[in-house]
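Enquirer: pasting the sequence and the predicted coordinates here, then a few questions.
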Amino acid sequence: MDRKKLTGLILGIAILVLIWIIPAPTGLPPAGKNALGLLIAGIIFWVTEVVPLSISAMFLMVMLPFYGVTAKLADVFKDFMSPVIFFVIATFGMTTIIMTTNLATRLTGKLLTWAGDNSKKLVLGFIAASALLSTVMSNVPTCALFLALALTVLECTGAKPGQSNLGKCLMIGIPFGVMIGGGATPAGTSINIMAMSLLEQSSKIHITFLGWMIMAVPMTVIMVLISWWCLVTIFKPEPIKLSDLESMHKTVQDLGPMSFKEKKVIYIIFAMLVLWILSTWFPVLDTTMVAILGLVVMFLPGINVINWTEFVGGVSWNIVLLIGGVQAIATGILKGGAAAWMVNTVLAGAAHWGATLTNLGASILMTIMHALIPVGPAIVGMSTAPIAGVAGLAGTSAAGLTVMVAFMSAITFILPIDCVPLLTYGKGYYTMGDFIKAGLIPTIALILYCTFILPMLAALIGL
């Protein structure tokens, strides 16, 4: 067996045994202690990948009643089957219909024409384009899509892995753009909708689709520009020749005019975004309901932008099961009193910190957590309720802190060990040191955004 997996298996089992032995701290109910222990064991299993993520999640789910976190297994599956799960499944349909068209290739052609022979503009174009599509597509498929397009461009320019600064800029910039863009809307990544659901469940605070965008879109614009500036300043991409990109331009030209299917895909996504924004004023337009209706429209006769086989193949069932499992454990943490205990005991000092220091400390804490635990849903499940609870003690915005938790759980500029940057890291164009060097200033900028700007925007919309 792989040493990493064996270590993870031994540590995870040790945690599961210790849960039984160690008494609960004062004020923490046994059910809450066991729920926290199960989550810690899960994080170890997920980081070391002892078994597929979804298998670990299902194992932990059936352990919840065994450890007394829930009364019956039926209750666990009720917590699993929340609106979040159906939202995630439905939005994978959006990802799939984009992946089955040439829209991303056409977008790349536009940015190549815009950039001309300016390699710095080319890098900005790729970061911005990947961020734009990631607002409605899942992060991993978006990164894979732009990775393939960037590799074609690099091949045309003769860039060599480990030698080309343009290669470094594109291979680091694409995951940066994807992760940043994923935070812009609740549809950008499942982590966002999961954080919204856990906030409403624990604090009865509802963030609308438009409310999220008001707090998050400025972050996306600011971070895209900062990330681009850092990359082209630190690595200084080599110039490109228009003649090198002729084959790429020809590929785009050979596509011809936009197809009817591609137009239908654009109309559907635009209509869903409009309905999601309108849900701010019309609560009947529930976010999950709009996602499911949009999925249904994709299959309608005369529209047919996707078939069942494509949809089933396009859904990341591993992610769906992982999110459901984490959500069930997170609900156990809430019902078992662990979240309240963390707020009242571990984080009680926040009452004396003040809003600004609390926002700063929480942002730094979440940044470090993602560097240590590269499993976004687990971080959200463990952190949302306690950190939102701290808001009341410190006099800051629970909604703002929740959006921060989602940002920090989905975005990492520190190490390329998250599943998104790992896609490009494996191509050999940059080292781990290059990633850290490029990510230092964006990391500080994101922390400052969450500390100062995010609370102001939350207050602006009454949250």
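Expert: Perfect, thanks for sending it.
Enquirer: number of nearby residues for P23?
Expert: Look at P23: counted by other C-beta atoms under 10 Å, it has 8 neighbours. Backbone N, C-alpha and C define where each C-beta goes, glycine included.
Enquirer: can you tell me how far it is from T358?
Expert: 31 Å (C-beta to C-beta, to the nearest Å).
Enquirer: show me how far stretch 10-19 is from its chain's centre.
Expert: Chain-centre distance of stretch 10-19: 29 Å, with C-alpha atoms, centre = their mean, to the nearest Å.
Enquirer: give me the below-cutoff pLDDT ranges for the stretch 251-400 of the chain.
Expert: Regions of the stretch 251-400 of the chain meeting the criterion pLDDT under 70 cover residues 343-351, 372.
Enquirer: if you set the cut-off to 90 instead, what comes out?
Expert: For the stretch 251-400 of the chain, the stretches with pLDDT under 90 are 251-259, 262, 265-266, 269-270, 272-291, 294, 302-306, 310-398.
Enquirer: which parts of it are helices?
Expert: Listed in chain order, the helices of the stretch 251-400 of the chain (DSSP state H, counting those that start in this stretch) span 260-278, 287-299, 308-314, 317-335, 338-341, 355-372, 376-394, 398-410.
Enquirer: most packed of those?
Expert: helix 398-410 (a mean of 28; mean count of other C-beta atoms under 10 Å).
Enquirer: chain center to that one: distance?
Expert: 11 Å.
Enquirer: ok, stretch 368-387 next?
Expert: 11 Å.
Enquirer: helix or strand for M179, which one?
Expert: helix 165-182 (DSSP states H and E).
Enquirer: just the CA trace of that helix, in PDB.
Expert: Presented in PDB, the C-alpha positions along helix 165-182 are these (Å, rounded to 0.1, in the frame of the first residue of the first chain):
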ATOM      1  CA  ASN A 165       8.100  32.400 -18.500                       C
ATOM      2  CA  LEU A 166       5.000  32.700 -20.600                       C
ATOM      3  CA  GLY A 167       4.300  29.100 -19.700                       C
ATOM      4  CA  LYS A 168       4.700  29.900 -16.000                       C
ATOM      5  CA  CYS A 169       2.300  32.900 -16.300                       C
ATOM      6  CA  LEU A 170      -0.400  30.900 -18.100                       C
ATOM      7  CA  MET A 171      -0.100  27.700 -16.000                       C
ATOM      8  CA  ILE A 172      -0.300  29.600 -12.700                       C
ATOM      9  CA  GLY A 173      -2.700  32.300 -14.000                       C
ATOM     10  CA  ILE A 174      -5.400  29.900 -15.200                       C
ATOM     11  CA  PRO A 175      -6.000  28.200 -11.800                       C
ATOM     12  CA  PHE A 176      -5.700  31.600 -10.200                       C
ATOM     13  CA  GLY A 177      -8.400  32.900 -12.600                       C
ATOM     14  CA  VAL A 178     -10.600  29.900 -12.200                       C
ATOM     15  CA  MET A 179     -10.600  30.000  -8.400                       C
ATOM     16  CA  ILE A 180     -11.200  33.700  -8.300                       C
ATOM     17  CA  GLY A 181     -14.000  33.600 -10.800                       C
ATOM     18  CA  GLY A 182     -15.700  30.700  -8.900                       C
END
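Enquirer: elements contacting it?
Expert: Helix 165-182 sits against helix 119-134, helix 139-157, helix 209-235, helix 419-425, helix 432-448, with contacts defined as 3 or more C-beta pairs under 8 Å, 6 or more residues apart in numbering; DSSP states H and E.
Enquirer: closest one to I461 among those?
Expert: helix 209-235 (5.2 Å; C-beta to C-beta).
Enquirer: just the buried positions in the closest one, please.
Expert: Neighbour counts using 16 or more other C-beta atoms under 10 Å place 209-217, 219-220, 222-224, 226-228, 230-232, 234-235 of helix 209-235 among the buried residues.
Enquirer: from the chain's centre, how far out does that helix sit?
Expert: The chain centre lies 15 Å from the centre of helix 209-235; the measure is C-alpha atoms, centre = their mean.
Enquirer: next, the angle helix 432-448 makes with the helix holding M179.
Expert: Inter-element angle recorded for helix 165-182 and helix 432-448: 30 degrees (by axes from the mean of the first three to the mean of the last three C-alpha atoms, to 10 degrees).
Enquirer: same question for the following helix or strand past helix 165-182, mean pLDDT?
Expert: Downstream of helix 165-182, the first helix or strand assigned by DSSP H and E is helix 190-203. Helix 190-203 carries an average pLDDT of 86.
Enquirer: quick check: M456 vs G400, distance?
Expert: Taking C-beta to C-beta, one finds M456 at 9 Å from G400.
Enquirer: so what's the spatially closest residue to G211 that is not a sequence neighbour up against?
Expert: Spatial nearest neighbour of G211, chain neighbours left out: I461 (5.2 Å); criterion: C-beta to C-beta, 6 or more residues apart in numbering. By C-beta atoms under 8 Å, 6 or more residues apart in numbering, the residues touching I461 are 211, 214-215.
Enquirer: same check, this time on P141
Expert: Counted by C-beta under 8 Å, 6+ apart, P141 has contacts 95, 99, 314.
Enquirer: 10 Å instead?
Expert: Applying C-beta atoms under 10 Å, 6 or more residues apart in numbering to P141 gives the contacts 92, 95-96, 98-99, 133-134, 178, 314, 316.
Enquirer: now distance to Q253 too, for the residues you listed, in CSV please.
Expert: Shown next, in CSV, are the contacts of P141 (distance: C-beta to C-beta, whole Å):
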residue, distance to Q253
F92, 31
T95, 27
T96, 26
I98, 21
M99, 22
L133, 21
S134, 26
V178, 27
G314, 28
S316, 33
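Enquirer: if we only consider those, which is nearest to T287?
Expert: Nearest to T287 among the contacts of P141: F92, at 15.1 Å, using C-beta to C-beta.
Enquirer: about what we covered before: just the closest of the contacts of P141 to T280, please.
Expert: S134 (21.9 Å).
Enquirer: nearest residue to the middle of the chain?
Expert: Residue closest to the average C-alpha location in the chain (C-alpha atoms, centre = their mean): A410, at 3.6 Å.
Enquirer: measure G332 to F80 for me?
Expert: Taking C-beta to C-beta, one finds G332 at 11 Å from F80.
Enquirer: try V390
Expert: Distance of V390 to F80, computed by C-beta to C-beta: 27 Å.
Enquirer: and for S119?
Expert: Counting by C-beta to C-beta - S119 and F80 are separated by 48 Å.
Enquirer: which residues touch the nearest residue to L446 once chain neighbours are set aside?
Expert: Spatial nearest neighbour of L446, excluding adjacent residues (C-beta to C-beta, 6+ apart): M223 at 6.3 Å. Shown in contact with M223 (C-beta under 10 Å, 6+ apart): 127, 131, 176-177, 179-181, 183-184, 407, 411, 413, 442, 445-446, 449.
Enquirer: check V297 too.
Expert: When contacts are taken as C-beta under 10 Å, 6+ apart, V297 is in contact with 93, 264, 267-268, 271-272, 303, 305.
Enquirer: repeat the analysis, applying 6 Å as the threshold.
Expert: Taking C-beta atoms under 6 Å, 6 or more residues apart in numbering, we find V297 in contact with I268.
Enquirer: how close does it get to A406?
Expert: V297 sits 28 Å away from A406, going by C-beta to C-beta.
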